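# heads up, no residue letters with this:
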């Protein structure tokens with residue numbers, strides 16, 4: 001492969017930032033921000049292509065903002081020889097840079113042509129081995145929209161980091177221990193004993209979810225009835241009223257569940273209600289499974305494997321999200337790794353008894369300034385002790401997560417582990433990192449990242465897995481595909497049914513992913529299906545349509561671009577043309593920044609902006625009607641660049657790029 005400059009735009013950014021850094025170094029001062037991250041496009045094209053706020057340097061350098069800007073501008077001018085930096089201006093405390101459009105076009109066209117599918121990938125100097133654990137949904141019901149955000153984020157992070165040159169491993173943690181799975185296993189056992197339907201009807205995880213919801217609701221009804229009777233016998237009217245309302249809600253939920261499958265519901269109802277103490281039966285399954293009793297292993301694994309089969313069909317088959325490892329929580333316990341960690345904990349100076357349970361106390365550890373800084377602990381936050389073992393000898397999930405954290409580092413020889421886990425799990429995630437520190441695993445504690453994401457809300461939907469009230473991701477994807485198909489059929493009636501369905505699948509899945517990735521993970525979001533499939537603005541279909549339009553222009557031109565006659569001076573002949581060139585050339589820089597900062601939304605935002613500029617440009621500055629041979633070749637090269645960028649950037653988000661729509 002011909003050696004080309006992978007990121008011409010980024011080189012200009014780095015030159016500007018490097019000169020700012022040198023100014024600071026010469027004065028022996030530093031600023032909080034990295035100078036490279038202060039460079040940005042100015043608000044108006046007439047201000048230039050790059051801008052640096054020199055007033056950020058003024059105070060550290062002991063200069064006025066205008067003086068700092070002029071000093072930096074002079075240095076950039078002197079260093080710019082041989083680069084794509086053209087004019088450099090000092091205006092109002094900013095250093096504004098105008099790129100040489102012809103030089104930029106020559107370099108970025110060469111990079112796109114030579115690298116093709118690799119264009120946008122800028123490897124780091126020192127690649128890391130990184131584990132990303134994501135999705136890891138409890139295997140008791142089908143995946144829903146919340147799991148979809150987790151999966152989309154985890155997959156996009158993995159793709160971005162791989163594009164940056166890191167070696168990435170994707171892992172799914174199968175939570176097959178604890179009460180939820182025991183409730184499911186109990187339901188499966190009772191179903192078998194009653195002679196009810198034992199084989200999945202339809203997709204296995206949907207059927208498992210129904211068994212789980214029915215079982216959980218029936219067990220709760222029986223438990224609530226018992227507590228209600230006790231309250232009546234005690235004459236506690238307030239408690240009677242609360243429990244009666246609770247029971248009414250449960251009976252209502254049971255009625256909804258029975259409507260979905262009367263035969264399944266009735267078989268479970270007869271068996272659960274005949275059990276004298278369902279709660280004890282469930283606890284017995286949980287204990288037996290943790291201690292690896294054969295009957296419990298067979299029961300639990302059979303149920304969980306069916307649910308995981310459905311997960312894989314959704315994630316891998318429908319969303320194109322793959323995993324390298326599927327780790328069973330129980331395997332960690334049975335391997336004795338959890339047992340060894342418990343012994344280490346008991347020898348630790350942080351070991352204590354908290355409410356008569358074995359625990360780790362983090363009071364002293366939290367006072368360490370390095371620990372507070374590296375873990376981002378607020379001064380006022382005090383982390384409570386971490387309970388390690390229940391009174392019945394079974395471990396808590398956080399205890400098992402300590403072992404899993406170490407396992408991920410060791411199994412892959414990882415430099416860093418990123419856990420994509422809901423923001424509501426911040427406390428347990430902090431406790432796990434503090435536990436690693438308490439046990440002497442400093443490298444692991446400081447190199448484990450909780451990538452927190454906020455919840456997704458669906459308008460008018462209140463979800464509850466225990467009651468079977470959720471919108472399954474499969475149903476959401478199917479609805480998106482159907483709506484996309486209707487829209488595509490209206491726009492292009494000559495595609496044929498099979499081709500329309502395939503493109504609709506790409507557009508529907510892409511629309512769901514883009515909507516989940518376009519909002520910063522730290523912000524809650526509302527998912528609206530109609531908004532995600534808008535072909536006119538800020539959606540995957542809008543971007544995919546721009547890619548299809550670019551593909552169509554190139555196809556109409558015969559598919560071959562006469563690169564040898566490209567007139568690079570044509571880059572500056574039309575303002576929208578120039579703006580499109582500069583924006584498309586930003587892609588490698590944006591992709592690298594998104595990977596380094598773990599912010600896939602930067603790519604999503606960038607894609608929308610690029611599609612908008614492209615859709616504005618080509619009607620104003622027609623490509624195929626251009627009579628000047630050199631200018632026409634340049635415009636075709638620009639379309640090729642945009643198509644390459646749209647395709648590769650969508651790929652970083654795991655979104656298909658159809659050639660036609």
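Looks like it came in fine. Note that the structure is predicted; figures quoted are calculated from it, not measured.

# Now for the most centrally placed residue in the chain: which residues touch it?
With distances taken as Cα atoms, centre = their mean, the residue of the chain nearest its centroid is residue 153 (0.8 Å). Counting by Cβ atoms under 8 Å, 6 or more residues apart in numbering, residue 153 touches 134, 420, 451, 453, 516, 517, 521, 600. Every residue, glycine included, has its C-beta placed from N, CA and C.

# Over to residue 93?
53, 54, 55, 58, 65, 66, 68, 69 are the contacts of residue 93 under Cβ under 8 Å, 6+ apart.

# neighbours around the third one, how many?
It stands for residue 55. The local packing of residue 55 (other Cβ atoms under 10 Å) involves 16 other residues.

# show me the contacts for it.
By Cβ under 8 Å, 6+ apart, the neighbours of residue 55 are 65, 68, 69, 93, 94.

# Among those, name the ones in strands.
Judged by DSSP state E, these include residue 94 as members of strands.

# Tell me which two of the contacts of residue 55 sit farthest apart.
Spanning the widest gap among the contacts of residue 55 are 68 and 94, at 10.2 Å by Cβ to Cβ.

# list residues touching both of those two?
Common neighbours of residue 68 and residue 94, using Cβ under 8 Å, 6+ apart, are 54, 55.

# The two: who's more crowded?
Taking other Cβ under 10 Å, residue 68 and residue 94 do not tie; residue 68 has more neighbours (25 against 21).

# these two touch, right, that one and residue 61?
Yes: at 5.7 Å, residue 68 counts as touching residue 61 under the criterion of Cβ atoms under 8 Å.

# So which residues of the stretch 1-150 of the chain form strands?
50-53, 85-91, 94-99, 129-133 (DSSP state E, counting those that start in this stretch).

# Touching the shortest one from outside, list them.
Meaning strand 50-53. For strand 50-53, contacts defined as Cβ under 8 Å, 6+ apart pick out 12-13, 16-17, 20, 35, 38-42, 72, 93-97, 99.

# try 7 Å this time
12-13, 16, 20, 38-42, 72, 93-97 (Cβ atoms under 7 Å, 6 or more residues apart in numbering).

# about what we covered before: among the contacts of residue 93, which lie within helices?
Within the contacts of residue 93, residues falling in helices by DSSP state H are 55, 58, 65, 66, 68, 69.

# Not counting sequence-adjacent ones, nearest residue to residue 62?
residue 27 (7.6 Å; Cβ to Cβ, 6 or more residues apart in numbering).

# For the helix or strand hosting residue 218, buried residues please.
Residue 218 belongs to helix 204-234 when assigned by DSSP states H and E. By neighbour count on 16 or more other Cβ atoms under 10 Å, the buried set for helix 204-234 is 204-222, 224, 228, 231.

# And stretch 263-276, by the same measure?
Applying 16+ other Cβ under 10 Å to stretch 263-276 flags 264, 265, 267, 268, 269, 271, 272, 275 as buried.

# Setting aside sequence neighbours, what's the nearest residue to the first one?
Excluding its sequence neighbours, the residue lying closest to residue 264 (Cβ to Cβ, 6+ apart) is residue 197, at 5.6 Å.

# show me the contacts for the one you found.
Residues in contact with residue 197 (Cβ under 7 Å, 6+ apart) are 263, 264, 267.

# Could you look up the SS state of the closest residue to the last one other than its chain neighbours?
Spelled out, that is residue 267. Nearest non-adjacent residue to residue 267, counting by Cβ to Cβ, 6+ apart: residue 196, 2.6 Å away. Following DSSP: H, G, I helix; E, B strand; the rest coil, the label given to residue 196 is coil.

# what sits against residue 196?
The neighbours of residue 196, taking Cβ under 7 Å, 6+ apart as the test, are 263, 264, 267, 268.

# what ranges do the strands span in the stretch 451-600 of the chain?
So, for the stretch 451-600 of the chain - with DSSP E, counting those that start in this stretch - the strands run 456-457, 525-526.

# ok, back up a step: nearest to residue 574, out of the strands of the stretch 1-150 of the chain?
strand 94-99 (15.9 Å).

# ok so, going back, which residues are in contact with whatever helix or strand comes next after the helix holding residue 218?
Per DSSP H and E, the first helix or strand lying C-terminal to helix 204-234 is helix 237-260. Where contact means Cβ under 7 Å, 6+ apart, the residues beyond helix 237-260 that reach it are 210, 213-214, 217-218, 220-221, 224-225, 227-228, 231-232, 265, 467-468.

# what's the helix or strand just after helix 237-260 packed up against?
On the C-terminal side of helix 237-260, the nearest following helix or strand under DSSP H and E is helix 262-274. Counting contacts by 3 or more Cβ pairs under 7 Å, 6 or more residues apart in numbering; DSSP states H and E, helix 262-274 packs against helix 179-194, helix 204-234.

# Now do helix 262-274: distance to the chain's middle.
Distance of helix 262-274 from the chain centroid (Cα atoms, centre = their mean, to the nearest Å) equals 40 Å.

# ok, then the element right after it?
helix 278-290.

# Out of the ones in helices among the contacts of residue 93, which comes closest to residue 325?
After measuring the ones in helices among the contacts of residue 93 against residue 325 - Cβ to Cβ - the closest member comes out as residue 55, at 49.4 Å.

# Now do the same for that closest one: its pLDDT.
What the model reports for residue 55 is a pLDDT of 90.

# Quick check: the gap between it and residue 64.
As for residue 55, its distance to residue 64 is 9 Å (criterion: Cβ to Cβ, to the nearest Å).

# for residue 92, same thing?
Remark: distance between residue 92 and residue 64 (Cβ to Cβ) = 12 Å.

# Does residue 354 have any beta-bridge partners, and if so which?
residue 357 (DSSP bridges).

# Quick check: it touching residue 385?
Yes: taking contacts as Cβ atoms under 7 Å, residue 354 lies within contact range of residue 385: 4.3 Å.

# With neighbour numbers in mind, choose between these two.
residue 385 (20 against 14).

# For that one, give me its contacts.
With the criterion set at Cβ under 7 Å, 6+ apart, residue 385 makes contact with 352, 354, 359, 360, 361, 362.
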